[in-house]
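# Provided below are the primary sequence and the corresponding predicted coordinates.
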Amino acid sequence: MEVKKPENIDEYIGGFPNDVQEILEKVRMTIQKAAPEAKEKISYSMPAFEQNGIVVYFAAFKNHIGLYALPSGHEAFAAELSKYKSGKGSVQFPLKEKMPYDLITKIVKFRVKENLEKAKKK
């Protein structure tokens, strides 16, 4: 059976239960507020924000929200992210815990600045 891939972030969020939709929408708004010039898109079947390159991706799973700020975003906030399960370029925020929206804001602002600096060097 083929699963329909979302064409936009609204479709992506709409595919989850209401409680998860609320969290995803708040994550989305947090990213929008931190990166107001970033454009929304779906990439790798996940919501993504792009401004001079990808700023962040995010996605929902059974027990967590994944945030993908590429390795640099995670390295820069390693201490604050240390209490969460993470990989080289990902972090898992458990659905049963309070979402760290302030930390998401800091990571997004860092990535926007980083992308802008890279774009200036080109």
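That came in fine, so what should we check first?
# in terms of pLDDT, where does residue 120 sit?
Per-residue confidence for residue 120 comes out at a pLDDT of 89.
# how close does it get to residue 22?
For residue 120, the distance to residue 22 under the criterion Cβ to Cβ, to the nearest Å works out to 38 Å. (Each C-beta comes from the backbone N, C-alpha and C, glycine too.)
# tell me which of these two has more neighbours.
residue 22 (12 against 8; other Cβ atoms under 10 Å).
# which other residues reach the helix or strand where that one lies?
Using DSSP states H and E, residue 22 falls within helix 18-34. Outside helix 18-34, the residues within contact range by Cβ atoms under 8 Å, 6 or more residues apart in numbering are 9, 12-14, 16, 38, 40, 47, 49, 55-56, 58, 60, 65, 67, 95, 99, 101, 104-105, 108-109, 112.
# hey, which strand is longest across this protein?
In the chain, ranked by residue count with DSSP state E as the criterion, the top strand is strand 54-60.
# next structured bit after that one?
Using DSSP H and E, the helix or strand that directly follows strand 54-60 along the chain is strand 64-68.
# what helices and strands are in contact with that next one?
helix 18-34, strand 54-60, strand 91-94 (3 or more Cβ pairs under 8 Å, 6 or more residues apart in numbering; DSSP states H and E).
# off-centre distance for it?
A distance of 7 Å separates the C-alpha centroid of strand 64-68 from that of its chain, computed with Cα atoms, centre = their mean, to the nearest Å.
# pull out the buried residues from the following helix or strand past it.
Once the chain leaves strand 64-68, the next helix or strand it forms, by DSSP H and E, is helix 70-76. Under the neighbour-count criterion of 16 or more other Cβ atoms under 10 Å, helix 70-76 has 70, 73-74, 76 buried.
# before we move on, the earlier item: quick one: the helices and strands packed on strand 64-68 as JSON lines, columns for mean pLDDT and distance to residue 83 too.
Formatted as JSON lines, the helices and strands packed on strand 64-68 follow (pLDDT from 0 to 100; distance: least, Cβ to Cβ, whole Å):
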{"stretch": "helix 18-34", "mean pLDDT": "97", "distance to residue 83": "18"}
{"stretch": "strand 54-60", "mean pLDDT": "96", "distance to residue 83": "19"}
{"stretch": "strand 91-94", "mean pLDDT": "96", "distance to residue 83": "10"}
